[in-house]
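K.L.:
next come a sequence and a model predicted from it.
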Amino acid sequence: MRKLLFESLFQRPFTEAAPSLDDAAVAEIATALGERARRKLGRSLSIREVDAGSCNGCELEIHALSNPYYDIDRFGLRFVASPRHADVLLVTGPVTKNMADALKATYDATPSPKWVVALGDCAKDGGCFAGSYAVVGGVAQVIPVDLHIPGCPPPPLQILKGLLALLDQAASAPAPR
Amino acid sequence: MASLDELKLQGRRVTEHGPWPRLVVDAAHWSRATLELVAGRWSLLSLWGEADTVHMAMLEPQLGEAVVISLPCPSGSFPSVGMLHPPALRLERTIHDLFGLVPEGSPDPRPWLDRDQWGVRFPLGPRLPPSAPRGYQMLPVEGEGLHQIAVGPVHAGIIEPGHFRFTANGETVVRLEERLGYVHKGIDGLLIGADLERGAQLAGRVSGDSTVAYAIAFARAAEAALGITVPPRALWLRALCAELERLANHLGDIGGVCNDVAFALMLSHCSVLRENVLRAAERAFGHRLMRDVVVPGGVARDLDDTGKGSIRQMAKTVRQRFPELIELYDETASLQDRTVTTGRLSAELAQQYAAGGYVGRASGRDFDARRDLAYPPYDQLRFKVPVLSEGDVNARVWIRIREVKQSIGLIEQMLSELPDGEWRVPLPATLAPAEGVALVEGFRGDVLAWLRLKDGVIARCHLRDPSWFQWPLLEAAIEGNIVADFPVCNKSFNCSYSGVDL
């Protein structure tokens, strides 16, 4: 382990090591997002993720936001364990009927001001699961949604872009819930 | 009746079913087949329903032979398999919830997916109006000094929803009971009447982490039904996607298990490698998870030299960096302290449940559909199937570590020996009934797909996730462990919620 840690001291961080256009955009968006979050909510924006029926594809890409390439934590954006600690609910899935109550309860447990981001194509209107007897069909059917991030699943960069758009919207919104 | 060959002589063979035989049997044969499962001579692959029939797929592991038997249920019931063979229980409860067919003699008549929220009972069967909410009784637990801990459906981490009811004595778990079904989307219902294109789309969204495995299983079942042959290049490209998927998931899991015992360094390094795999997949196939790349008839896009180069570069990076991570895992005593002997699953249970993937192989069940059913191109590739007998968290990590190496080897072989030529063939328009089945090795274990085509659309399609036979074993593996070790045990199984809730 010492060898690996020692190497890490001299190795350039992964975020800077990959010089492709994608990585430059990640840094730019994440910096902007961090500043806005700070202006609006002090030091950080706390995000509570709720899977309301997804296929788990969206969860994989949300997880990727925490890897060293995207490293969402360094900007004060962090995923929290309880809705009580959250500013943002990040909701995935077409909202199954079996999860609708739990989603509503999670929303009610989140203190105001709060924002809801619906993530992925099926969170918008049920996507390819729309019309099923077991699906409500979109997060907005159950709780108010401030922003939708499309994709199946949206790649991590797209999720960062979406959170930026949310902060723009939140800055101009008259009265947050 | 001791072999499937003997069984095949009985019942009426359905001619339009392939590649395995499907036999329509009577209740006596159905029950005798159940006894073979109990005796452990055959493994239960799946059990599923239709409006008036139940089907059961079974495998004779030594011979790699499989069969589907079907029992018509004109009176709306069938002899319970779960009564004697517990791995069938949740599948039977699902059949009842969706179709209303009653497993006669079942010791567990509680609903599984249906929680009185759908506005309809038996949605794929008689579609009755909803009854008054029935409530749900968790299994009774008796004893002194016991308390219960209820967790979920919304969990603390970024994971899928499910409810876990722990009964503990102090820190020690006496019993875990799972209650799943929260992400039931009604995929079986959506598949009825869908064309093959939409079917493939839905199949690829049963469990997002296994989108390639499901797409391959669905495509192979459809191709078996239609009797078409897919060009070799397409088969190889599919397998390439499948190994990339396995690699990405295993790397994520190895890091995740370590993170669940507070060793975040491994997660960071493993997630860097995982991200490398996903980026290579995007450059090569246009999607990080390779969703909708595999389609009936072949693959949706070809692989060019740039894509090949990206994958080759990624494989080189993983080959270089992975050994030091294994060393880190293996030489950190505080990490071993948490994973060795934790969450032990016995070989008997792994065998009884025919547990696939790393769960089975870490507990001595030597089965891998790639090798034992040898579907192409794996019959032409060189790889080893690691098997361990300890059955603990550590063994499940080591199976993954060894499979990472095997997958890298397979990827390199496929890149250098990739056949040229066509990569997609058109599908024939068939109106006649046609049925196909396929078993494909995903990262988590074997995925089964079965479908019947009629009038050019899907009349019924059943997709069985490996987690069906792994979730119940997690309940057994956690027994006697401390509550705080549940996350790491759970992660070492990494069962799919969406895959079983459908």
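P.N.:
All right, it came through fine.
K.L.:
flag every buried residue along stretch B:23-40.
P.N.:
Neighbour counts over stretch B:23-40 (16 or more other Cβ atoms under 10 Å in any protein chain shown) mark B:23-25, B:29-31, B:33-34, B:36-37 as buried. All C-beta atoms are positioned from the backbone trio N, CA, C, and that covers glycine.
K.L.:
nearest to A:Cys55, of those?
P.N.:
Set against A:Cys55, the nearest of the buried residues of stretch B:23-40 by Cβ to Cβ is B:Leu37 (30.3 Å).
K.L.:
quick one, longest strand in chain A?
P.N.:
strand A:45-51 (DSSP state E).
K.L.:
CA atoms only for that one, dumped as CSV, please.
P.N.:
Output of strand A:45-51 as CSV, limited to C-alpha atoms (Å, rounded to 0.1, in the frame of the first residue of the first chain):
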residue,chain,number,x,y,z
LEU,A,45,-25.2,21.4,-2.3
SER,A,46,-26.4,18.1,-0.8
ILE,A,47,-28.0,15.6,-3.2
ARG,A,48,-30.1,12.7,-2.1
GLU,A,49,-30.6,10.1,-4.8
VAL,A,50,-33.9,8.2,-5.0
ASP,A,51,-34.3,5.2,-7.4
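K.L.:
from the chain's centroid, how far away is that strand?
P.N.:
Averaging C-alpha positions (Cα atoms, centre = their mean, to the nearest Å) puts strand A:45-51 6 Å from its chain's average.
K.L.:
other SSEs contacting it?
P.N.:
helix A:57-64, strand A:77-79, strand A:88-92, helix A:97-109 (3 or more Cβ pairs under 8 Å, 6 or more residues apart in numbering or on different chains; DSSP states H and E).
K.L.:
list the contacts of the last one.
P.N.:
Surrounding helix A:97-109, the residues in contact under the criterion Cβ atoms under 8 Å, 6 or more residues apart in numbering or on different chains are A:48, A:50-53, A:82-84, A:89, A:91, A:93, A:95, A:114, A:116, A:134-136, A:139, A:142-143, B:113, B:115, B:117-119, B:153-154, B:161, B:181-184, B:501.
K.L.:
just the closest residue of chain A to chain B, please.
P.N.:
The nearest approach of chain A to chain B comes at A:Gly57, 2.7 Å away (Cβ to the nearest Cβ).
K.L.:
tell me the centre residue of chain A?
P.N.:
Nearest to the geometric centre of chain A sits A:Leu90, at 5.0 Å (Cα atoms, centre = their mean).
K.L.:
hang on, isn't that one packed against A:Val117?
P.N.:
Yes: contact criterion Cβ atoms under 8 Å: A:Leu90 and A:Val117 qualify, at 5.0 Å.
K.L.:
residues in contact with B:Thr342?
P.N.:
B:Thr342 makes contact with B:392-394, B:481, B:485, B:488-489 under the criterion Cβ under 8 Å, 6+ apart.
K.L.:
out of those residues, list just those in helices.
P.N.:
Counting by DSSP state H, the part of the contacts of B:Thr342 found in helices is B:393-394, B:488-489.
K.L.:
need the residues that contact the longest strand of chain A.
P.N.:
A:37, A:58-59, A:62, A:76-83, A:85-93, A:99, A:102-103, A:106, A:110, A:163, A:167, B:154, B:158-161, B:183.
K.L.:
and the buried ones among those, selectable in ChimeraX?
P.N.:
Buried members of these, defined by 16+ other Cβ under 10 Å, are picked up in ChimeraX with:
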select /A:37,58,59,62,76,77,79,80,83,86,87,88,89,90,91,92,93,99,102,103,106,110,163,167 /B:154,158,159,160,161,183
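K.L.:
ramachandran angles for the nearest residue to B:Phe263 once chain neighbours are set aside?
P.N.:
Distances taken as Cβ to Cβ, 6 or more residues apart in numbering or on different chains put B:Leu335 closest to B:Phe263, at 5.1 Å, once the chain neighbours are dropped. The phi/psi pair for B:Leu335 (degrees, to the nearest 10) reads phi -80, psi -50.
K.L.:
check contacts around B:Leu335.
P.N.:
B:258, B:261, B:263, B:266, B:329.
K.L.:
could you identify which of those residues has the most neighbours?
P.N.:
B:Cys258 (27 neighbours; other Cβ atoms under 10 Å in any protein chain shown).
K.L.:
how near is B:Trp236 to chain A?
P.N.:
Separation of B:Trp236 from chain A (Cβ to the nearest Cβ, to the nearest Å) stands at 25 Å.
K.L.:
quick one, phi psi at B:Arg246?
P.N.:
Note on B:Arg246: backbone dihedrals following degrees, to the nearest 10 are phi -60, psi -50.
K.L.:
typo on my end, it should be A:Tyr70
P.N.:
Per-residue torsions, A:Tyr70: phi -100, psi -40 (degrees, to the nearest 10).
K.L.:
can you pull the contacts of the residue nearest to it when sequence neighbours are not counted?
P.N.:
Spatial nearest neighbour of A:Tyr70, chain neighbours left out: A:Pro156 (5.1 Å); criterion: Cβ to Cβ, 6+ apart. A:Pro156 makes contact with A:26, A:61-62, A:64-65, A:69-70, according to Cβ under 8 Å, 6+ apart.
K.L.:
still on that earlier bit, ok, the residue nearest to the centre of chain A - contacts?
P.N.:
A:47-50, A:62, A:117, A:119.
K.L.:
still on that earlier bit, looking at the helices and strands packed on strand A:45-51, spot the one closest to B:Gln351.
P.N.:
Counting by Cβ to Cβ, B:Gln351 lies closest to helix A:57-64 out of the helices and strands packed on strand A:45-51; the figure is 31.2 Å.
K.L.:
buried residues of stretch A:103-123, list them for me.
P.N.:
In stretch A:103-123, counting by 16+ other Cβ under 10 Å, buried: A:103, A:106-107, A:110, A:114-123.
K.L.:
among these, which lie within helices?
P.N.:
A:103, A:106-107, A:121-123.
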